[in-house]
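structure for the following, please:
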Amino acid sequence: MTVSPTTTKEDTGGRAVSPGGWLGWVTSTDHKRIGVLTMGTALVVLMAMGTLALTMRVQLAQPEQHLVSTHTFNQLFTIHGSGMIYMVFTPFALGMGMYLVPLQIGAPGIAMPRSTLLGYWLYALGALVMLSGFATPLGAHADGWFSYPPMADSVNSPGVGSDLWIVGVFLSTTGTIIMGWTVLWTVLRKRTHGMTMLRLPVFSWSMIASSLMVIGAFPALLAALVLLAAGRADPSIFDHNVWNIGYQHLFWFYGHPVVYVMFFPYLATVAEVLAVFSGRRFFGYTGTVLSLLVFAALSMSVWGHHMFATGQATNDYYSLASITLLVPAGVEYFAMVGTIVGGRLRLAPPMLFALAFIPQFLIGGLTGIMVGTPVIDYHVTDSYFVVAHLHYVLFAGSAFGLFAGVYFWFPKVTGVMLGHRATRLHFWLLMIGTNVTFLPMFALGYLGMPRRVATYAAFEGFGWMNLLSSIGAAFLAAAMAVFAVNVLWTLRRRTLGSAEKAPDDPWGGHSLEWATSSPPPRFNFTPEHPVPPITSFAPLLDLRQRRKQEATAGGSGS
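All right, here's what the predicted structure looks like:
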């Protein structure tokens with residue numbers, strides 16, 4: 001996705017503008033360009049991580065296959081998991097915030113734009129460093145995205161690939177912390193006149209909650225990585241169990257909130273889409289805002305439920321805290337359902353993905369409560385049940401929210417419309433592929449198939465379910481290919497001048513980004529596209545309703 005190129009040295013107000021061409025992109029302090037760079041990089045990494053996942057599914061399609069070695073398989077699942085969490089869903093969510101939050105609050109730009117650009121480049125460099133591990137003699141890191149010591153120390157995991165993984169994740173996480181700071185500071189300091197906190201759109205509130213978790217929890221991962229690096233320099237550190245368990249506490253203090261950083265922005269995207277394509281104001285706005293803040297606070301108090309099997313966590317407390325998450329989650333689900341009940345639904349492409357998000361993410365949420373219950377967790381720990389749960393959260397859930405956002409805001413970002421037939425084909429392939437791939441994994445895990453295994457014996461009876469999962473993965477690959485071709489072909493047609501032009505507000509949006517041009521100008525709003533009066537969290541809907549009332553009153557008067 002691209003915004004219109006800037007070719008002038010200054011805008012009409014005399015303010016400096018980024019140069020044109022590739023130099024303008026890599027040095028720009030325009031929040032929209034930085035946001036597009038972040039989201040575009042995340043989508044490229046998503047395609048690469050999908051290729052790794054497809055390779056694993058081919059390996060597991062039948063028992064006792066040896067298409068790749070066990071060590072190579074371990075590299076694949078480690079970099080796949082690391083890439084999706086550290087390099088795809090988290091940065092894409094922050095990229096959306098960098099692009100949209102200044103527009104939604106009526107600001108001309110983002111706070112601390114140079115720091116924001118630095119955050120992007122740290123993230124991009126971190127992704128490159130992590131992936132470069134494949135080029136080392138012993139290959140990439142192979143101990144999972146969590147990399148517990150002592151298995152991840154230099155004795156049990158020798159090679160430069162593991163060191164590159166630590167450096168790459170450290171750089172990327174530092175970049176996301178910086179980006180989280182700048183998004184939060186923008187909301188606090190740069191709102192337009194009349195934009196009070198309780199007039200912020202739901203998406204902007206989701207970015208506040210996400211940024212608070214980034215700032216509060218992500219430094220724990222940096223500390224864990226420093227501890228792991230020290231242990232690779234001196235493996236004797238991990239002879240003492242306190243450091244092994246200490247690492248897990250540090251890691252999961254980050255590892256649970258990051259799930260909600262990968263959830264809140266996509267949930268809020270779905271909320272915005274549901275409201276627009278239901279023709280209604282979002283239902284339960286105040287309750288949803290409060291639930292996001294409560295959810296963010298609780299998310300930082302439940303990390304120990306990932307450690308039930310260690311015997312080193314207070315199970316009763318962490319289980320109760322995990323179940324308490326049902327309350328704010330329930331508020332958010334009821335708000336989404338309440339928005340569409342009684343609405344006049346338009347099944348445009350963004351709405352299809354938003355509607356599919358609701359039941360699929362519900363599966364992920366409910367199974368999360370199951371694994372947050374010790375008696376169940378003991379049975380399914382380190383099994384494919386956990387793999388299924390995680391993927392229903394991050395793929396059946398967040399990925400559908402991500403694509404709902406891509407199709408919703410693509411016209412605003414690029415000024416052109418995506419092909420509708422290809423979009424619908426993408427949706428159905430993704431819908432079929434997601435559920436055919438991940439539903440069987442619940443049964444596999446319950447029946448005892450451990451995760452992180454490169455093969456399995458025929459007598460275990462896992463073959464037909466794994467084959468079904470691998471067939472589903474082929475549908476997912478086809479879906480992503482359709483998506484990539486649709487985006488690239490549309491952008492190519494835009495360059496040639498033959499793409500369908502997007503109006504400023506093609507969907508009848510509710511928030512301020514739809515009041516400016518498509519794509520927006522350098523400083524977002526102009527005299528031709530001014531910031532309208534802010535009367536609620538849906539100012540454009542208010543404006544349309546007032547105009548309709550005035551037209552009705554005028555007609556009655558005549």
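
longest helix in the protein, please.
helix 463-496 (DSSP state H).

run the chain-centre distance for that one.
18 Å (C-alpha atoms, centre = their mean, to the nearest Å).

any idea of the mean pLDDT for that helix?
Regarding helix 463-496, the rounded mean pLDDT is 97.

against V416, how distant is L496?
As for L496, its distance to V416 is 11 Å (criterion: C-beta to C-beta, to the nearest Å). Heads up, the C-betas are built off the backbone N, CA and C, glycines and all.

cool, and H305?
From H305 over to V416 (counting by C-beta to C-beta), the distance is 46 Å.

when these two are compared, which one has more neighbours?
Legend: neighbour count by other C-beta atoms under 10 Å for H305 and V416, higher for H305 (24 against 19).

just to revisit the earlier point, for the longest helix of the chain, which positions count as buried?
463, 465-480, 482-483, 486-487, 490-491, 494 (16 or more other C-beta atoms under 10 Å).

which residue packs closest to the most centrally placed residue in the chain, ignoring adjacent ones?
Closest to where the C-alpha atoms of the chain average out (C-alpha atoms, centre = their mean) is F89, at 3.0 Å. In space, and not counting its chain neighbours, F89 is closest to M262: 4.1 Å by C-beta to C-beta, 6 or more residues apart in numbering.

state the distance from the one you found to L94.
10 Å.

the two: which has the busier surroundings?
L94 (32 against 25).

that one contacts G180, correct?
Yes. Assessed by C-beta atoms under 8 Å, L94 is found in contact with G180 at 6.3 Å.

name the residues contacting each of the two.
The contact sets of L94 and G180 overlap at S210, V214 (C-beta atoms under 8 Å, 6 or more residues apart in numbering).

after the longest helix of the chain, which helix or strand is next?
helix 539-557 (DSSP states H and E).

just the CA trace of that next one, in CSV.
What follows is the C-alpha trace of helix 539-557 in CSV, where atoms were taken according to Å, rounded to 0.1, in the frame of the first residue of the first chain:
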residue,chain,number,x,y,z
PRO,A,539,-18.5,12.7,14.2
LEU,A,540,-19.2,11.9,10.6
LEU,A,541,-22.3,9.9,11.4
ASP,A,542,-23.5,12.8,13.5
LEU,A,543,-22.9,15.1,10.6
ARG,A,544,-24.9,12.9,8.2
GLN,A,545,-27.7,12.6,10.7
ARG,A,546,-27.9,16.4,11.2
ARG,A,547,-28.0,17.0,7.4
LYS,A,548,-30.7,14.4,7.0
GLN,A,549,-32.8,16.0,9.8
GLU,A,550,-32.2,19.5,8.3
ALA,A,551,-33.3,18.2,4.8
THR,A,552,-36.4,16.6,6.4
ALA,A,553,-37.2,19.7,8.3
GLY,A,554,-36.7,21.8,5.1
GLY,A,555,-38.9,19.5,3.1
SER,A,556,-41.7,19.7,5.8
GLY,A,557,-41.4,23.4,5.9
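
next, the buried residues of that helix.
Neighbour-count burial for helix 539-557 [16+ other C-beta under 10 Å]: P539, L540, L541, D542.

go on, stretch 297-316?
Buried-residue list, stretch 297-316, by 16+ other C-beta under 10 Å: 298-308, 313, 315.

contacting residues around stretch 60-73?
Outside stretch 60-73, the residues that touch it by C-beta under 8 Å, 6+ apart are 55-56, 58-59, 76, 139, 142, 454-458, 460, 462-463, 466-467, 469-470.

of those residues, buried ones?
55-56, 59, 76, 139, 142, 454, 456, 462-463, 466-467, 469-470.

can I get these in TSV with distance to H389?
Shown next, in TSV, are the buried ones among the contacts of stretch 60-73 (distance: C-beta to C-beta, whole Å):
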residue	distance to H389
T55	22
M56	18
Q59	22
L76	20
G139	28
A142	23
A454	21
Y456	20
F462	18
G463	22
N466	18
L467	21
S469	15
S470	19
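
which one of those is nearest to G35?
L76 (30.2 Å; C-beta to C-beta).

pretty sure that closest one is in a helix, no?
Yes. L76: assigned to a helix according to DSSP: H, G, I helix; E, B strand; the rest coil.

chain neighbours aside, what residue packs nearest to it?
L52 (4.8 Å).

can you count the residues close to that neighbour?
20.

how about whichever strand or helix holds it: buried residues?
Take DSSP H and E as the rule and L52 turns out to sit in helix 31-60. Going by neighbour count (16+ other C-beta under 10 Å), the buried part of helix 31-60 is 31-43, 45-46, 49-50, 52-57, 59-60.

list the contacts for L43?
F92.

tell me the pLDDT at it?
Reported pLDDT for L43: 97.

gap between it and S236?
43 Å.

assign R191 to helix, strand or coil.
R191 is classified as coil under three-state DSSP.

what are the contacting residues of stretch 423-441?
57, 349, 352-353, 356, 360, 384-385, 387-388, 391-392, 395-396, 399-400, 403, 407, 465-466, 468-480, 482-483, 486.

on that earlier part again, quick one: the residue nearest to L76 from H379, how far?
29 Å.

for the helix or strand hosting M96, which helices and strands make contact with it?
Assessed by DSSP H and E, M96 sits inside helix 90-104. Packing contacts for helix 90-104, counted by 3 or more C-beta pairs under 8 Å, 6 or more residues apart in numbering; DSSP states H and E, involve helix 31-60, helix 160-189, helix 202-233, helix 257-261, helix 264-278, helix 400-414.

by how many degrees do it and helix 539-557 diverge?
40 degrees (axes from the mean of the first three to the mean of the last three C-alpha atoms, to 10 degrees).

please tell me I have it right and V485 contacts A422.
Yes. Counting by C-beta under 8 Å, V485 does reach A422; the two are 7.1 Å apart.

give me phi/psi at P532?
phi -70, psi 170 (degrees, to the nearest 10).
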